[in-house]
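K.L.:
Return a 3D structure for these sequence lines:
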Amino acid sequence: FWEAQWGHPFELYQPIFRWAQQNGHTLAPLRPDPARARLVKKEGPQALLDPLGEFFLGPAAYRDHMRAIVADHMPDGTPPPEEMVDSFFLVQCFWDEYMSFRLAHLAQEYPGHTLVVMVGHGHLYNEFGIPLRLRRRAPQLKLLTVGFKENAEWNPDIVFALPLE
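P.N.:
Down below sits the predicted model:
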């Protein structure tokens, strides 16, 4: 189940799960159901307005950023088809919107608690991803993004360089 749903080796996360369980911390998934992501890809943002209440497909600079990512995966420097860029951009925005939606609800469910979130760095661009969308949904929350990568291409508030040993 884990590999089919998440695509990453469970062993990478097992110590975190064990630590949370031993210390009485609650873990809550932010990830949307993959079937919902396929529905959004097929029907567009309108498929989400009911559960999410609002959906921001943007900003334009985010789409440009997604074009560059898709282009990196094209053979022989072929420019990516715009439909492919549109689809990738829509799904990325959906993930960011859904995760910010979940975080806003978790903050309401656990008032006074600190929420620690682990997501891929592509979702943490302050001007594109979850931070932008969470500030819109829950402007009262204080956010801090932390990167664990030397010379991060994205803009975390704090970057930790990890030794490559």
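K.L.:
ranges for the strands of the protein?
P.N.:
146-147, 158-159 (DSSP state E).
K.L.:
just checking, which of the ones you listed comes out with the lowest mean pLDDT?
P.N.:
Of all the strands of the chain, the minimum mean pLDDT falls on strand 158-159 (a mean of 66).
K.L.:
Pull up the gap between the residue nearest the centre of the chain and residue 29, please.
P.N.:
In the chain, the residue lying closest to the centroid (C-alpha atoms, centre = their mean) is residue 123, at 3.7 Å. Counting by C-beta to C-beta, to the nearest Å, the gap from residue 123 to residue 29 is 14 Å. C-beta here means a position set from N, CA and C on the backbone, and glycine is covered the same way.
K.L.:
Could you do residue 77 as well?
P.N.:
In terms of C-beta to C-beta, residue 77 sits 37 Å off from residue 29.
K.L.:
Tell me which of these two has more neighbours.
P.N.:
A direct count of neighbours by other C-beta atoms under 10 Å for residue 77 and residue 29 places residue 29 higher, at 10 against 7.
K.L.:
Can you check the pLDDT for the more buried one?
P.N.:
81.
K.L.:
Identify the residue spatially nearest to it, adjacent ones excluded.
P.N.:
Distances taken as C-beta to C-beta, 6 or more residues apart in numbering place residue 102 nearest to residue 29, at 7.9 Å, with adjacent residues excluded.
K.L.:
Next: residue 65.
P.N.:
residue 128 (6.7 Å).
K.L.:
pretty sure that neighbour is touching residue 61, no?
P.N.:
Yes. With contact defined as C-beta atoms under 8 Å, residue 128 counts as touching residue 61 (7.0 Å).
K.L.:
now for the helix ranked longest in the chain, which elements pack on it?
P.N.:
Ranked by residue count and defined by DSSP state H, the top helix of the chain is helix 82-109. Counting contacts by 3 or more C-beta pairs under 8 Å, 6 or more residues apart in numbering; DSSP states H and E, helix 82-109 packs against helix 34-43, helix 49-52, helix 60-72, helix 130-137.
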